[in-house]
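[1] got a structure for you, letters missing:
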């Protein structure tokens, strides 16, 4: 459905139906806001170290292993650009 079709269908609703729809949407929005606030409170106090620990847990759980070969030739060994002073 396009936005214009949605607007047209809303215009066709009775006042009671519009009120009912508004109340349902308002209720759902309120629930979403409460869930977000709870998540923010749970994550409050997260710091860098906790993020590192979560990363490590994910790596272990998914069985990902890093070797020295993964990091070989990662750094650009070129001398850089020439600068005239």
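    Everything's here; your move. Small disclaimer: the values here were computed from a predicted structure and weren't measured.

[2] tell me the centre residue of this protein?
    Centroid-nearest residue in the chain: residue 36, 11.8 Å away (criterion: CA atoms, centre = their mean).

[3] for the record, mean pLDDT for the helix ranked longest in the chain?
    Using DSSP state H to define each element, the chain has its longest helix at helix 15-43. Per-residue pLDDT over helix 15-43 has a mean of 89.

[4] packing partners for it?
    For helix 15-43, not one helix or strand is in contact under the criterion 3 or more CB pairs under 8 Å, 6 or more residues apart in numbering; DSSP states H and E. Where you see a C-beta, it was placed from the backbone N, CA and C, and this is true even at glycine.

[5] Going toward the C-terminus from the helix or strand residue 58 falls within, what's the next helix or strand?
    In the assignment (DSSP states H and E), residue 58 maps to helix 48-62. Once the chain leaves helix 48-62, the next helix or strand it forms, by DSSP H and E, is helix 68-71.

[6] pLDDT of that next one, averaged?
    Here the average pLDDT along helix 68-71 is 87.

[7] Name the residues of that helix that come out as buried.
    Within helix 68-71, not a single residue qualifies as buried, counting by 16 or more other CB atoms under 10 Å.

[8] mind checking how far that helix is from the chain centre?
    30 Å (CA atoms, centre = their mean, to the nearest Å).

[9] and if you look at stretch 13-21?
    Worked out by CA atoms, centre = their mean, stretch 13-21 lies 33 Å from the chain centre.

[10] do the same with stretch 56-65
    Offset of stretch 56-65 from its chain centre (CA atoms, centre = their mean): 21 Å.

[11] Report the mean per-residue pLDDT for that stretch.
    Stretch 56-65 comes out at a mean pLDDT of 92.
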